[in-house]
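In: Quick one, fold the following:
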Amino acid sequence: MSARHTRRAGAALRRLSEEDPALGALALWCAHRDSDARDMAAWTDGRSIFYGPGFELLAAHEQVGLAAHQVLHLALRHGPRAQAMHSRFGDRYDDELFNIACDAILNQTLVEAGHCIPRPAVLLPDLLKAALPEETQTSRWDAEGLYVRLMTESNRSGKGNGGGDGKGKGRDPSEARPDPAQAARDFAKQKGFGSDLEPAPGPVEGDEDESPDASEWQERIARAMEAGRSAGRGIGTLSHRLLDLPQIGMPPWERLLRRMISKAVTHVPRPDWGTPAKRWLAADSAAAIEGRFQPAFQPARRPDRNRARVAVAIDTSTSIDNARLSLFAAQVAGIGRRTGAEVHVLAFDTVVTGHTRMQGIAWESEIQRVTFARGGGTDFGPVIAKAMELDPSVIVMLTDLDGPCGPRPKVPVIWAIPQETAPPPPFGKVISLAR
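Out: Model prediction:
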């Protein structure tokens, strides 16, 4: 049973199973342990939930709410998801901010389900009001989306892209918006936030949507929510979206981009009709010895020796921030290194304003040194025509898709957009960089 390994939280977990069938069912799959390692009431490392001495000082109803908070941390796999975010963003990843995003959504979920949590607490509507006042909807967020939005707006507030407003108009430094990421940290500190999400032990999971633990927890959550709905109480009565369910089966945009570009630049061996296949030579020799008819000719297959090219067109009027441009550049650079493809970067608005061929020595720093003349409208026709002069295997467009697309080229086109959605273009595949 769930309370077997903890004395401090035993009564709270039994009460939780009575008050909230969904959370009670999920708690049975969690390891609960007492620990004096940290000066906190409770925390998790993504695999176990730990209860400190401070847990016993809370009122009974607060113990139930805090235990429920930690159960959701573990069931929603915030530990492995934090690792995945660190793997994506590297040194730019902020574990405290990701923890704040997770806590805001979990606390709001529990409050709306009727649970009492220790106060003061970080709640999602209050966090949005403090850091992203233009956002009023709470049901649209998951932890990754909220974290990326806070970091993106932080870069746009004056630190990221030189004060551009996304369409080329400069911003007066005196009018720079407050840093949303710092505003979120300051708000969380006022609410007594303490980081309760430790990195999960073990290696970083490479493919979140293919992890057995992810699919198992998805099934457990589905069954638990059904039990809660049948009982008519607890989190089972809430919508799934508010629960910050990880998007199982939906790979991050980096993996989609790698897959698409790698497929486009991978050479398929072609027949060489001037050279017989070794298998045919052996069959022909055997037929001659045995006095049979000569087999049908089979050509050898040779790899295409032409070096693949990737044309990366960057819309200088788009609202992409420097942090996401850096992450995008790292992905394209990695593809170039692994495939040996030749990478050309084309900066454009209504015309092509710059063309740089990556030298392949320091990819990330090279692409970030390319000068982008912010300003102007957008027309994709000229840059696609320029890209086709390079005879590319694929064209990757980093843009907000706000402009005429022009004629369809004879090579695959990938539209990488900074926003979540955009009107579908007449050709090509669209990937959102918003997550």
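
In: what sits against residue 194?
Out: Listed by Cβ atoms under 8 Å, 6 or more residues apart in numbering, the contact set of residue 194 reads residue 40. Every C-beta, even on glycine, is put in place using the N, C-alpha and C of the backbone.

In: Can you list phi and psi of it for me?
Out: phi -130, psi 130 (degrees, to the nearest 10).

In: again with residue 48
Out: Main-chain torsions, residue 48, degrees, to the nearest 10: phi -130, psi 160.

In: how close does residue 396 sit to residue 419?
Out: Using Cβ to Cβ, to the nearest Å, one obtains 17 Å as the distance from residue 396 to residue 419.

In: Select the longest helix from the protein.
Out: In terms of residue count, the longest helix belonging to the chain (DSSP state H) is helix 212-231.

In: Give the buried residues for it.
Out: For helix 212-231, a neighbour-count test (16 or more other Cβ atoms under 10 Å) marks 214, 217, 218, 221, 224, 225, 227, 228, 229 as buried.

In: From the contact counts, what lies against it?
Out: helix 21-27, helix 60-75 (3 or more Cβ pairs under 8 Å, 6 or more residues apart in numbering; DSSP states H and E).

In: switch to 10 Å and redo it
Out: On a contact count with 3 or more Cβ pairs under 10 Å, 6 or more residues apart in numbering; DSSP states H and E, helix 212-231 meets helix 21-27, helix 60-75, helix 78-89.

In: most neighbours per residue, which of these?
Out: helix 21-27 (a mean of 26; mean count of other Cβ atoms under 10 Å).

In: and it, how far out from the chain's middle?
Out: Centroid separation between helix 21-27 and its chain, computed with Cα atoms, centre = their mean, to the nearest Å, is 28 Å.

In: Looking at that helix now, give me its mean pLDDT.
Out: Here helix 21-27 scores 95 as its mean pLDDT.

In: and it, what does it pack onto?
Out: helix 10-19, helix 60-75, helix 212-231.

In: now those as a markdown table including distance to residue 277?
Out: A markdown table is the format used below for the helices and strands packed on helix 21-27 (distance: least, Cβ to Cβ, whole Å):
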| stretch | distance to residue 277 |
| --- | --- |
| helix 10-19 | 67 |
| helix 60-75 | 56 |
| helix 212-231 | 42 |
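
In: right, so of those, which gets closest to residue 383?
Out: Taking Cβ to Cβ, helix 212-231 is the member of the helices and strands packed on helix 21-27 nearest to residue 383, at 38.9 Å.

In: between the closest one and helix 10-19, how big is the angle?
Out: 60 degrees (axes from the mean of the first three to the mean of the last three Cα atoms, to 10 degrees).

In: the more surrounded of residue 396 and residue 419?
Out: Neighbour tally, residue 396 and residue 419, criterion other Cβ atoms under 10 Å: the higher count belongs to residue 396, 29 against 14.

In: quick one: contacts for that one?
Out: Applying Cβ atoms under 10 Å, 6 or more residues apart in numbering to residue 396 gives the contacts 257, 260-261, 264, 310-314, 328, 331-332, 335, 343, 345, 387, 412-416, 428, 431.

In: Just those: which are in strands?
Out: Of these, the ones assigned to strands by DSSP state E are 310, 311, 312, 313, 314, 343, 345, 413, 414, 415, 416, 431.

In: how about the strands in this protein?
Out: Counting by DSSP E, the strands of the chain are 31-34, 42-44, 48-51, 270-276, 299-302, 309-315, 342-348, 352-357, 394-398, 413-417, 429-432.

In: can the ones you listed go into JSON lines with extra columns for mean pLDDT?
Out: Converted to JSON lines, the strands of the chain look like this (pLDDT from 0 to 100):
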{"stretch": "strand 31-34", "mean pLDDT": "95"}
{"stretch": "strand 42-44", "mean pLDDT": "96"}
{"stretch": "strand 48-51", "mean pLDDT": "96"}
{"stretch": "strand 270-276", "mean pLDDT": "79"}
{"stretch": "strand 299-302", "mean pLDDT": "78"}
{"stretch": "strand 309-315", "mean pLDDT": "85"}
{"stretch": "strand 342-348", "mean pLDDT": "85"}
{"stretch": "strand 352-357", "mean pLDDT": "85"}
{"stretch": "strand 394-398", "mean pLDDT": "88"}
{"stretch": "strand 413-417", "mean pLDDT": "88"}
{"stretch": "strand 429-432", "mean pLDDT": "86"}
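
In: Which among those is found nearest to residue 120?
Out: strand 42-44 (16.4 Å).

In: Could you tell me how far that closest one lies from the centre of the chain?
Out: 25 Å.

In: elements contacting it?
Out: strand 31-34, strand 48-51, helix 60-75.

In: I'd like the ones in strands among the contacts of residue 396 as TSV, with neighbour count and distance to residue 130 appended.
Out: Converted to TSV, those look like this (neighbours: other Cβ atoms under 10 Å; distance: Cβ to Cβ, whole Å):
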residue	neighbour count	distance to residue 130
310	25	42
311	27	42
312	28	37
313	24	38
314	24	33
343	28	41
345	22	38
413	23	40
414	20	37
415	23	34
416	28	31
431	16	31
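
In: Just give me the closest of these to residue 181.
Out: When the ones in strands among the contacts of residue 396 are compared for distance to residue 181 (Cβ to Cβ), residue 416 wins out at 23.3 Å.

In: so how far is residue 135 from the closest one?
Out: When distance is defined by Cβ to Cβ, residue 416 is 23 Å away from residue 135.

In: likewise residue 358?
Out: Separation of residue 358 from residue 135 (Cβ to Cβ): 37 Å.

In: quick revisit: so which of the helices and strands packed on helix 21-27 gets nearest residue 84?
Out: Evaluated with Cβ to Cβ, the helices and strands packed on helix 21-27 place helix 212-231 nearest to residue 84, the distance being 10.1 Å.
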